[in-house]
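Trainee: no FASTA, just this:
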RNA sequence: GCUGGGGUGGCGGAGUGGUCAAUCGCAACAGACUGUAAAUCUGUCGCCCGAAAGGGCUGCCCAGGUUCGAAUCCUGGUCCCAGCA
């Protein structure tokens, strides 16, 4: 039986922003919410306890990666993702569609082949051949026992012609139908909108995906190279059409300034590797700037990364210490920086939620963005 | 004291007459990262002018010398290392 629901608790009067709650078998998610990425069934460097400690309500796991290693059947045999990795909160899984885009982007280009049936590709681990289809993506996500599944889609690269974007979008639509047919109704399914940066396609896609009446709607194909202005346009087109009562997830977005744009358009959840990946290369959020903690400037800095932050890292360690850990490549560096960046992101959104509740979202966003660097 | 080896840019270490401002590695500095490959990628890295192309200056322990030309050869000095007394 499906134990998934979405309820809007409050709507902003001045924008499309809204407060809501997503209920799943593994708990609730207060929205808007940032969804960290835990690609390989781990939010890199953190224990589940720490993931929760920083304020994460749900995170993202990649079906493609699980299929490559350790293999879906192993996770399934171990009882699904929750028991496998000892996380009892909600989990959302990707369809595997994005990895096609991601793999095709660089030197693996020749290793990926898209057909009507699905996608044939070679593992980035060992070069072995694999095939992903909407049907197997659904079967995999079910085997992983994640709470929210995403329909198998074709992430359109930036810069393609209108013609190619249409073909890609239509393929995504056909795959969405197949995904829905193959999907086990006990879990939640999000259809995925494509259409590149073209108004007619984005609107058509939004209408089509909405018509499938999936539990929620994901917007894909954004932040793939287009400008921020184009991204905003896409959100405008799509969000003006999506049904209000369905939860909306923006796939793969989340630089700090994007947060306000997304929420302003009524996006409820969004995932991004940005906070965690930046953390691992020493870029940490500090107020409205992102600082490179590895710079010599911080070698003797006794202050916390962000004096206003309430995270474990900021309450316990100086910039100088974290600077040192990064310089000598100590493992703790990655963990402390990740704890901070995630906490920072979650806390920022907690403040946004409060602002929406108080009808001061626009003001809050404007003020925050004012001297954002 | 004798014998042998050696002193090159922040460090390690190539180069043994011109193509050398000097391979390469590290460090340093700058930049990148949006449905994740953390330990990665790119650029700079003697000094000065220039956005760049390029130009000028100084330069391979010190002082002389040979040569059209020396980090590279010779002489002296100095310091370091190894073996033997």
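Mentor: Received the coordinates, thanks. No experiment lies behind these values; they were computed from the predicted model shown.

Trainee: burial measure for the residue nearest to residue A:81 when sequence neighbours are not counted, as a count.
Mentor: Closest residue to residue A:81 apart from its sequence neighbours, by C-beta to C-beta, 6 or more residues apart in numbering: residue A:144 at 4.9 Å. Quick note: C-beta positions are derived from backbone N, CA and C, even for glycine. Using other C-beta atoms under 10 Å, residue A:144 has 24 other residues around it.

Trainee: which other helices and strands contact the lowest-mean-pLDDT helix or strand in chain A?
Mentor: None of the helices or strands of chain A scores lower by mean pLDDT, DSSP states H and E than helix A:97-105, at a mean of 77. Counting contacts by 3 or more C-beta pairs under 8 Å, 6 or more residues apart in numbering; DSSP states H and E, helix A:97-105 packs against helix A:63-68, strand A:112-114, strand A:119-122.

Trainee: same thing but at 6 Å, please
Mentor: strand A:112-114 (3 or more C-beta pairs under 6 Å, 6 or more residues apart in numbering; DSSP states H and E).

Trainee: So which residues make contact with the strand it packs on?
Mentor: A:100, A:103-104, A:120-121 (C-beta atoms under 6 Å, 6 or more residues apart in numbering).

Trainee: For those residues, give me a markdown table that also has neighbour count.
Mentor: Below are the contacts of strand A:112-114 laid out as a markdown table (neighbours: other C-beta atoms under 10 Å):
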| residue | neighbour count |
| --- | --- |
| A:100 | 24 |
| A:103 | 19 |
| A:104 | 18 |
| A:120 | 16 |
| A:121 | 22 |
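
Trainee: and which of those residues is nearest to residue A:290?
Mentor: Taking C-beta to C-beta as the measure, residue A:290 sits nearest to residue A:103 out of these, at 28.1 Å.

Trainee: quick revisit: is any residue of the least confident helix or strand of chain A near RNA strand B?
Mentor: Yes: for a cut-off given as C-beta under 7 Å from any atom of the strand, helix A:97-105 has contacts with RNA strand B, namely A:97-99, A:101-102.

Trainee: Quick one: neighbours of the nearest residue to residue A:280 once chain neighbours are set aside, just the number.
Mentor: If the residues on either side of it in the chain are set aside, residue A:280 comes closest to residue A:334, at 5.0 Å by C-beta to C-beta, 6+ apart. The criterion is other C-beta under 10 Å. On that basis, residue A:334 has 20 neighbouring residues.

Trainee: Report how many residues lie close to residue A:159.
Mentor: Quick note: residue A:159 (other C-beta under 10 Å) scores 12 neighbours.

Trainee: Helix, strand or coil: sort out the closest residue to it other than its chain neighbours for me.
Mentor: Take residue A:159 and drop its neighbours on the chain: the residue closest to it by C-beta to C-beta, 6+ apart is residue A:225, 6.5 Å away. Secondary structure, DSSP: H, G, I helix; E, B strand; the rest coil: residue A:225 is coil.

Trainee: Verify the contact between residue A:225 and residue A:158 for me.
Mentor: Yes: Residue A:225 is within contact range of residue A:158, at 3.3 Å (criterion: C-beta atoms under 6 Å).

Trainee: Of those two, which one has the most company?
Mentor: Between residue A:225 and residue A:158, residue A:158 has the larger neighbour count (other C-beta under 10 Å), namely 15 against 11.

Trainee: Just list the residues touching the more buried one, thanks.
Mentor: A:224-226.

Trainee: and of the residues you listed, the nearest to residue A:359?
Mentor: Using C-beta to C-beta, the contacts of residue A:158 come closest to residue A:359 at residue A:226, 31.5 Å.

Trainee: isn't that closest one right next to residue A:195, touching?
Mentor: No: the criterion here is C-beta under 6 Å, and residue A:226 misses it with residue A:195 at 11.9 Å.
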